[in-house]
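# model the following, please.
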Amino acid sequence: MPALLPPALEPFLDSLRCPVCRTGLRSDRGSLRCPSGHTFDIARQGYVSLLTGARTTSGDDAAMVRARNQFLSTGRYAPVRRTLTRMTADVLPGQGRVVDIGCGTGYYLAGVLDQLPGARGLGLDASVRALRSAARAHPRAAAASWDVFRPFPLADRTVDVMLDVFAPRNPAEFHRVLRPTGRLIVVRPVERHLAELRGQVPAMVAIDPDKEQRLHQALDPYFEAARTQHVAYTAPLTRQEAIDLVGMTPSARHLTHADLSAHGPLPDQVTVSVLATSYQPR
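Predicted structure coming up:
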């Protein structure tokens, strides 16, 4: 039996575009279809498969998704989510569309929607494993497979807030789909983020000291920073939480679960240090 159109996806139908020919999409017996006949299946887990062909990235694998779900459920990153929610609420007090690029399991998007009852959310991610969680993260959150480095399957100027949390960026596409009054909110790690873990697990990916400069250079032609907040605190960690935290990051591609489980002492606390910036389109 074909999957029904998820209710959370319906408010986005007028803004979704066929990734092949850029025409509109409509619901058709468990799929989305454009006038030219290009068809995109709705998975039984509730997300729509828009991504076709070879992918730039496959996103999180099953082990990374499992680690992400387990770690985020502890609430250790709740202060980051609260900051993101406040920034979104400042520019979206009523109804509006929120799109989360590289949404992962939908943790941050769900937190935003919890506090903004008039908002509707769409999470885009390359990982179908993560999207299975994202599609269930919140009743008002839809989910679709997509690669951030391709032109987004969205019409021009139809998004009120774009979220980019620890995810790759496509500044030109962010600018195209955002309304002139919209905002792009970018959350990224800074130097001390997870320092204790990186000190004890040398194989972890380091934070590029030029990261902020490169971000500014990429976004500056399209966006102007309106507000930045530094979120910094120390969180306690159990050994399993430390393993899950490493396991949900890009470092997991260089370390196996067995590597971490067999590792010696792991820190019992960790520094969380991120910048959250709200950008307005130029």
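# SS state for Leu184?
strand (DSSP: H, G, I helix; E, B strand; the rest coil).
# burial count for it?
Leu184 has 26 neighbours, counted by other Cβ atoms under 10 Å. All C-beta spots, glycine's among them, are computed from the backbone N, C-alpha and C.
# who touches it in this structure?
Residues counted as contacts of Leu184 (Cβ atoms under 8 Å, 6 or more residues apart in numbering) are 161-162, 164, 174, 178, 219, 223, 278-279, 281.
# now, those that are in helices?
Using DSSP state H, the subset of the contacts of Leu184 located in helices is 174, 219.
# just the contacts of Leu184 now: which is nearest Ala62?
Asp164 (23.8 Å; Cβ to Cβ).
# gap between the closest one and Glu241?
25 Å (Cβ to Cβ, to the nearest Å).
# got the contacts of Leu184 as CSV, with distance to Gln70, pLDDT and neighbour count columns?
Below are those laid out as CSV (distance: Cβ to Cβ, whole Å; pLDDT from 0 to 100; neighbours: other Cβ atoms under 10 Å):
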residue, distance to Gln70, pLDDT, neighbour count
Val161, 28, 98, 27
Met162, 27, 98, 26
Asp164, 23, 98, 24
Phe174, 30, 98, 24
Leu178, 33, 98, 25
Leu219, 33, 98, 20
Phe223, 34, 98, 22
Ser278, 30, 98, 21
Tyr279, 32, 98, 25
Pro281, 37, 98, 18
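# and the contacts of Leu184, which is closest to Val201?
Among these, and counting by Cβ to Cβ, the member closest to Val201 is Asp164, at 25.9 Å.
# so the closest one is in contact with Gly102, correct?
Yes - the criterion here is Cβ atoms under 8 Å, and Asp164 meets it with Gly102 at 6.7 Å.
# could you work out the most separated pair of the contacts of Leu184?
Val161 and Leu219 (15.6 Å).
# tell me how many other residues surround Gly102.
Counted with other Cβ under 10 Å, Gly102 comes out at 24.
# and it, what pLDDT?
Gly102 is assigned a pLDDT of 96 by the prediction.
# you'd agree it is up against Phe174?
No - using Cβ under 8 Å, Gly102 is not in contact with Phe174; the gap is 11.9 Å.
# joint contacts of these two?
Asp164.
# which residues sit in contact with Val20?
34, 36, 38, 52.
# phi, psi for it please.
Listed backbone geometry of Val20 is phi -90, psi -50, with angles given as degrees, to the nearest 10.
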